[in-house]
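Trainee: fold the following and give me the result.
(chains A and B)
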Amino acid sequence: EAEVAQSPRYKITEKSQAVAFWCDPISGHATLYWYRQILGQGPELLVQFQDESVVDDSQLPKDRFSAERLKGVDSTLKIQPAELGDSAMYLCASSHGWTANTEAFFGQGTRLTVV
Amino acid sequence: QKEVEQDPGPLSVPEGAIVSLNCTYSNSAFQYFMWYRQYSRKGPELLMYTYSSGNKEDGRFTAQVDKSSKYISLFIRDSQPSDSATYLCAMTGTDKLIFGTGTRLQVFP
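Mentor: Coordinates of the predicted model:
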C-alpha cells in the first residue's frame, strides 16, 4: 500500500540550530502539504505545493522557515534558527487533486523537540 | 473565535457504547466535511467524507452534517478499544482544509 514517507520520525535540537525534515509523497500525487500540529491542537497548514510550485505559504513564518520541492516529487522543510515554540509534530500530506476537498494522505510525521 | 470548534475531551466510554463526537463552525462557505482518526504518534487518516448536508454511514460509523446549524457529528456504534484515538473534524470550501482541535476518545474494556 502506497504511503507518504517522512524522516526523521523524531528530532531533538537545540534552539538557534538548523533542522530539516524530508517528505516523499505517494507516487503520482501532484499536491504536497506541510502541516504543523502543536500538542492538543489540530494540524495547521504551513505550505502547499502543486508540483514544484508554491500554491499557499501564507502561514509559513518565512523569516525562519523554508520549503522546497525542486523536482515536484519529494520535499524538504527547513527551520533556521529553531525556537522553543517550534516544538510540534510536522506532518506531510499528499493528494492527487489540487483542491482542499480532495482526500489527503498523511505521513507519520516528524516530532520536533527544541531544547 | 475559531472557524472550527471541537471539544477536546477526553471522552472515556465503556466498550459497546455509542459515541457522539461533534464540531461547530462559523464559515458558511464550508461544503466538504471530513473526520480524521489519529492514533498516538501517528498521522491522521481519513475516516469519513461528506459533501453538504445529510448523513453518511460506513459500518459502525455515521457522519451527519447540518449546514443550517453549522454543526457536524460523528457517531460510533458498538465502540471498541481499538477506536481509542483522537478524532479530528476538518472542513473546507475548496480553499484550505481547516481542522478542529480534535477530541481524544478512550474506550475501555
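
Trainee: now do residue 68, the pLDDT please.
Mentor: Going with chain A. Residue A:68 carries a pLDDT score of 97 in this model.

Trainee: I was after chain B.
Mentor: 94.

Trainee: do the same with residue B:96
Mentor: pLDDT, read off for residue B:96, is 89.

Trainee: could you pull out the helices in chain B for me?
Mentor: Counting by DSSP state H, chain B forms no helices at all.

Trainee: how near is residue A:45 to residue A:36?
Mentor: Using C-beta to C-beta, to the nearest Å, residue A:45 is found at 8 Å from residue A:36. For the C-beta atoms, the positions are set from N, CA and C on the backbone; glycine is no exception.

Trainee: contact partners for the residue nearest in space to the middle of chain A?
Mentor: Central residue of chain A (C-alpha atoms, centre = their mean): residue A:34, 2.9 Å from the mean position. Contacts of residue A:34 were listed using C-beta atoms under 8 Å, 6 or more residues apart in numbering or on different chains, and they are A:23, A:45, A:46, A:47, A:48, A:67, A:75, A:77, A:90, A:91, A:92.

Trainee: shaky segments in chain B?
Mentor: Within chain B, no range satisfies pLDDT under 70.

Trainee: about what we covered before: what's across from the residue nearest to the centre of chain A in the sheet?
Mentor: Taking DSSP bridges, one obtains residue A:47, residue A:92 as the residues bridged to residue A:34.

Trainee: and the pLDDT at it?
Mentor: You'll see residue A:34 listed with a pLDDT of 98.

Trainee: likewise residue A:1?
Mentor: pLDDT, residue A:1: 69.

Trainee: near chain A, which residues of chain B show up?
Mentor: B:4, B:6, B:8, B:31-32, B:41-46, B:49, B:51, B:88, B:90, B:92-97, B:99-102 (C-beta under 8 Å from any C-beta of the partner chain).

Trainee: just the buried members of these?
Mentor: Among the residues of chain B next to chain A, those scoring as buried are B:4, B:6, B:31-32, B:42-44, B:49, B:88, B:90, B:92, B:96-97, B:99-102 (criterion: 16 or more other C-beta atoms under 10 Å in any protein chain shown).

Trainee: of those, which belong to strands?
Mentor: Per DSSP state E, strands hold the following members of those: B:4, B:6, B:32, B:49, B:88, B:90, B:92, B:99.

Trainee: residue B:70 versus the first one, what's the distance?
Mentor: So the one you mean is residue B:4. On the measure of C-beta to C-beta, residue B:4 and residue B:70 end up 10 Å apart.
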